[in-house]
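In: sequence plus predicted model, see below.
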Amino acid sequence: MSAKRYVPQTVSRSRMYEVIRAPLITEKTTNGSEHSQVTFKVAADATKPEIKQAVEGLFKVKVKAVNTATVKGKSKVFRGRPGVRSDWKKAIVSLVEGHKIDVTTGL
């Protein structure tokens, strides 16, 4: 008996725009761009295969790997009242050699 293989579903164009929220531009992510990595804020329910398809579909590049991390929201005080920022998810996308994304320009 053969094992069933997971076949990823194709992601619609509108879902691609929902998955990739914004590029993340910090000192640390800028250092990653030297190693052909780009970091994005992504939807909290996005999966690695979805993120890969979205980046390849929107930016016309080849993705080597996707790493994700959920960033926990900070506790803050606003006008004397305590509050909590929302959790969010980031994706570090490694690109195949020769491919690059210029995050300073729009889509």
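Out: Great, that's in hand.

In: quick one: mean pLDDT for stretch 50-62?
Out: Per-region confidence: stretch 50-62 scores 94 on mean pLDDT.

In: can you give me the buried ones in that stretch?
Out: Neighbour counts over stretch 50-62 (16 or more other CB atoms under 10 Å) mark 50-57, 59, 61 as buried. Where you see a C-beta, it was placed from the backbone N, CA and C, and this is true even at glycine.

In: next secondary structure element downstream of the helix ranked longest in the chain?
Out: Secondary structure of the chain per DSSP state H: the longest helix is helix 48-59. Going down the chain from helix 48-59, the next helix or strand is strand 63-71, by DSSP states H and E.

In: could you say what helices and strands that next one packs with?
Out: Helices and strands touching strand 63-71, by 3 or more CB pairs under 8 Å, 6 or more residues apart in numbering; DSSP states H and E, are helix 48-59, strand 88-95.

In: confirm T39 sits in a helix?
Out: No. Looking at T39 with DSSP: H, G, I helix; E, B strand; the rest coil, it is strand, so not inside a helix.

In: who does it form a beta bridge with?
Out: I92 (DSSP bridges).

In: ok, it - how many residues close by?
Out: For T39, the count of nearby residues is 21 (other CB atoms under 10 Å).

In: distance check, it against V77.
Out: 29 Å (CB to CB, to the nearest Å).
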